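>>> Just the structure for this:
(one chain, ligands or ions: 1)
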Amino acid sequence: MKYCFAYIFIFFTFLIECYAQSSLEAHIHGEAKLNIVFEGPELLIELKSPSYNLVGFEHAPKTKNQLELVENTISLLKNFKNVADTSSEANCKIADASVSTSMRGIHEDEHHEDEHHEDEHHEDEHQHSAKEIHSEFSATYSLRCDKPENLKSIQLELFSTFELMEEIAVQMIIQGKQGFAELNPDNPNLKL
Ligand SMILES: [Zn+2]
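Next up is the predicted model:
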C-alpha cells in the first residue's frame with residue numbers, strides 16, 4: 001500500500017510540475033490551484049497561489065510591514081486549520097506541512113535564480129513582461145485519517161483566511177478516481 005501510494009504521489013508530482021510550467025504564464029490574480037490525492041488513509045493537499053491572493057503584492061517586501069505580512073502569511077499557511085477543515089468523523093490528523101514562496105528576499109526560496117530587474121533584457125520575457133514582477137506561494141500538507149471512509153468533504157477555509165482569494169481550481173485523485181472542482185467564497189465546500 002505504501003509503495004502504491006508513493007507511486008501515485010510521484011506521478012502526481014510529475015503532473016503538477018507540468019502544470020506549474022504551463023501555469024507560469026497563466027497565473028491569474030485571485031485564482032489559486034489545489035491538488036489533492038487521497039489514497040487509503042493518506043491525504044495529500046498542495047496549494048499553489050499567486051502571492052497577490054495572500055499578501056496583496058508579488059514583489060519582494062520593501063517595508064517592515066510588508067515583510068511582517070509575508071512572514072505572518074507563511075505562519076498562517078503552516079497551520080492547516082487556516083486552509084481547510086476535514087469532516088471530523090474521518091479523524092484526519094496533520095502529519096506534515098511545508099510552505100515555500102518564489103517571492104524575492106524571502107528565506108524560503110533563496111536558491112531561486114529568477115531575476116526580474118526592470119531593465120532586464122530578453123531572457124525573461126517568455127515568462128513575464130519585464131515590468132511585472134510575479135511570485136507564488138506553495139504549501140503542501142500531508143494528513144493521515146483514522147477513518148478514511150468517513151471523509152466525504154473538505155471545507156476550504158482559505159477564502160475566509162485570505163480575502164483576496166476569489167477562486168480555487170481543484171484537481172483531485174480520490175481513492176483512485178480523478179475529479180475536478182471549482183470553489184469560491186460562496187461555495188467553499190469540496191465534495192469528495
Ligand atoms: Zn502575479
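
>>> and the closest residue to the ion within the chain, what does it touch?
In the chain, the residue found nearest to the ion is His134; the distance is 3.4 Å by Cβ to the ion. (C-beta placed from N, C-alpha, C; glycine too.) Each residue near His134 by Cβ atoms under 8 Å, 6 or more residues apart in numbering is listed here: 27, 50-51, 58, 128.

>>> among these, which two are most distant?
Farthest apart among those by Cβ to Cβ are Ser51 and His128. That separation is 13.3 Å.

>>> quick one: which of those two has more around it?
Taking other Cβ atoms under 10 Å, Ser51 and His128 do not tie; Ser51 has more neighbours (23 against 17).

>>> what about the helices in the protein?
Secondary structure of the chain (DSSP state H): helices at 2-26, 51-55, 64-78, 158-161.

>>> Give me the buried positions along the last one.
Which is helix 158-161. 158-159, 161 (16 or more other Cβ atoms under 10 Å).

>>> Mean confidence (pLDDT) on it, please.
Helix 158-161 comes out with an average pLDDT of 98.

>>> can you dump the C-alpha coordinates of it into CSV?
What follows is helix 158-161, C-alpha atoms only, in CSV (Å, rounded to 0.1, in the frame of the first residue of the first chain):
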residue,chain,number,x,y,z
LEU,A,158,-8.7,29.7,2.5
PHE,A,159,-11.5,32.2,1.4
SER,A,160,-12.1,33.3,5.0
THR,A,161,-8.4,33.4,5.8
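
>>> quick revisit: can you flag which of the contacts of His134 belong to strands?
In this view, the contacts of His134 that belong to strands under DSSP state E are Pro50.

>>> Let me have the contacts of His134 in JSON lines, extended by distance to Leu190 and pLDDT.
As requested, the contacts of His134 are exported to JSON lines (distance: Cβ to Cβ, whole Å; pLDDT from 0 to 100):
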{"residue": "His27", "distance to Leu190": "22", "pLDDT": "91"}
{"residue": "Pro50", "distance to Leu190": "20", "pLDDT": "98"}
{"residue": "Ser51", "distance to Leu190": "23", "pLDDT": "97"}
{"residue": "Glu58", "distance to Leu190": "27", "pLDDT": "96"}
{"residue": "His128", "distance to Leu190": "31", "pLDDT": "49"}
